[in-house]
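1. for reference, the sequence and a predicted model appear below.
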Amino acid sequence: MSSDDTIAAVATPLGPGGLGVVRLSGPDAIAVADKIFRSTRPLSEALSHTVHHGTVRDGDTALDDVLASVFRSPRSYTGEDTVEISCHGGPFVVKSVLTLCFRAGARPAEPGEFSKRAFLNGKLDLAQAEAVGELIAAHSESFRRLAMEQMQGRLSVYLKDLRRRLVDLLALLEANLDFAEDEVPDLSKDDLRAGLDRLLQEGTALLHTASRGRLLRDGLRAVLVGSPNVGKSSLFNALLGHDRAIVTEVPGTTRDTLEERFLADDVPVTVTDTAGLRTETDRVEGAGIARAKRALEQADVALFVLDASRPLSEEDRAVAALLDGKKIVLALNKWDRAGKETAHHLRAPLPLPPKTPCLKTCALDGRGVNELRRELVRVMDDRSPETADVPTLINLRHAELLNDAVNHLKAARRSAESSLHEECLAIDMRLALGGLNQITGEGVHDEILDAIFSKFCVGK
């Protein structure tokens, strides 16, 4: 992959559409476009950020009526001369325009090569470039907003400030180590510890946002569990807003797992309906119960459903015993038929964590269903006031690198309290700095860059 080449690719989804865009970037992008584009004047005479109407031609044959947008270096997405040809969106037309670009001297772009060139040319740092991919993949307004904030540099500003203060502290420490007898600013143990504490506090606050980012990026998995005939399938349908599961009054109707997705507070929730958990079953229902237990193991949240119109059963208690270690939301279903003080009598004897959310629901009239959707998200969302003004980490690579950096800062802080030589402390501070650098792309190896940008679509 050479940045001296001129590259071309389709920048819009493949398939029939109103428009298709073929993007060119590189030192000869305008010259290549001029070989196939005809208008009142050549694109070589065009100003940057201008749009021109004309035709794409294969020799003397007009292939399509198009618009050509010109972006001159360095004021383009890639930082190079760029031309975007907007043609009609039929697959044959778009492919033909791209083929003509190749014949005129461009080569096929690699996946993510446009964004990689933007990074290499200083138009974006690595965190911003990765946010482009996140923005394309956004499936909710909240995640789109976070990806846009990262692309505009909010995370980068936060990290660069953190990095600058770490560099300043490390430089002062190393100056005291290397030039102890010269006139260099003194760094006391108290100042060193205070500086590390501030870095740790801000790094930890940023790291704490990663769970929120993962929740918005990947969503959560919730599974409905309970004994037979407590209304799991009815509640499943109510959560989805349409009839998906078969509902009867016969216990054991659900024999297999059913899985659907919905949005709750802009978070994708994949919810699974399962067979009622009990001991005496036939072979088919037994297979369904085995699948229900596997779904429970894989879920982030267990939605434990009880029938509020009847006393607790041994089967209910047995289900509760399976939920140890899980995030739990308790739904007292069929509340329209519940007696007085039912909630207390049902909840109190169960071996559940004291703060387990408990909601009164009725799948038939929708009572409590909206609150239940929100509660599934709330139990997984660990936002705190300390992170209100902190950018949200939405990229797994960033979270892993920051976690390593925070761990090295913790090790440095421990060294500052011990009798270890300060060179050991400096080593951990350098390693923490290396982790921060890799997030924004300073000094990152080509192999890592290739791995990151290879996940992008070809036209981006």
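-> It's in.

2. so residue 174: helix, strand or coil?
-> What DSSP: H, G, I helix; E, B strand; the rest coil gives for residue 174 is helix.

3. spatially, what comes nearest to it if we skip its sequence neighbours?
-> residue 426 (5.9 Å; CB to CB, 6 or more residues apart in numbering). C-beta here means a position set from N, CA and C on the backbone, and glycine is covered the same way.

4. mind giving me the packing neighbours of the one helix or strand the one you found maps to?
-> Assigned by DSSP states H and E, residue 426 belongs to helix 422-440. Helix 422-440 sits against helix 126-137, helix 154-178, helix 396-417, with contacts defined as 3 or more CB pairs under 8 Å, 6 or more residues apart in numbering; DSSP states H and E.

5. sorry, back to before: what is the burial count for the residue nearest to residue 174?
-> Number of residues near residue 426 (other CB atoms under 10 Å) recorded here: 18.

6. which phi and psi values does residue 457 adopt?
-> Main-chain torsions, residue 457, degrees, to the nearest 10: phi -70, psi 160.

7. quick one on the thing from earlier: flag every buried residue along the helix holding residue 426.
-> If you call a residue buried by 16 or more other CB atoms under 10 Å, then helix 422-440 has these buried ones: 422, 425-426, 428-429, 431-433, 435-440.

8. and of those, the nearest to residue 129?
-> The shortest approach to residue 129 among the buried residues of helix 422-440 belongs to residue 440, at 10.0 Å (CB to CB).

9. low-confidence stretches in the stretch 251-400 of the chain?
-> The model of the stretch 251-400 of the chain has pLDDT under 70 over residues 251-256, 278-288, 339-348, 385-386.

10. at 50 what do you get?
-> Counting by pLDDT under 50, the stretch 251-400 of the chain shows low-confidence ranges at 253.

11. how much space between residue 425 and residue 167?
-> Look at residue 425 and residue 167: by CB to CB, to the nearest Å, they are 15 Å apart.

12. let me fix that, I meant to ask about residue 379.
-> 40 Å.

13. deepest-packed of the helices and strands packed on helix 422-440, please.
-> Here the criterion is mean neighbour count by mean count of other CB atoms under 10 Å, and of the helices and strands packed on helix 422-440 the winner is helix 126-137, at a mean of 21.

14. helices or strands up against it?
-> Helix 126-137 is packed against helix 113-120, helix 141-151, helix 154-178, helix 396-417, helix 422-440, helix 446-453, with contacts defined by 3+ CB pairs under 8 Å, 6+ apart.

15. turn those into CSV, columns for distance to residue 201.
-> Shown next, in CSV, are these (distance: least, CB to CB, whole Å):
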stretch, distance to residue 201
helix 113-120, 30
helix 141-151, 22
helix 154-178, 11
helix 396-417, 10
helix 422-440, 14
helix 446-453, 29
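
16. determine which of the ones you listed shows the lowest mean per-residue pLDDT.
-> Among the helices and strands packed on helix 126-137, helix 446-453 carries the lowest mean pLDDT, a mean of 84.
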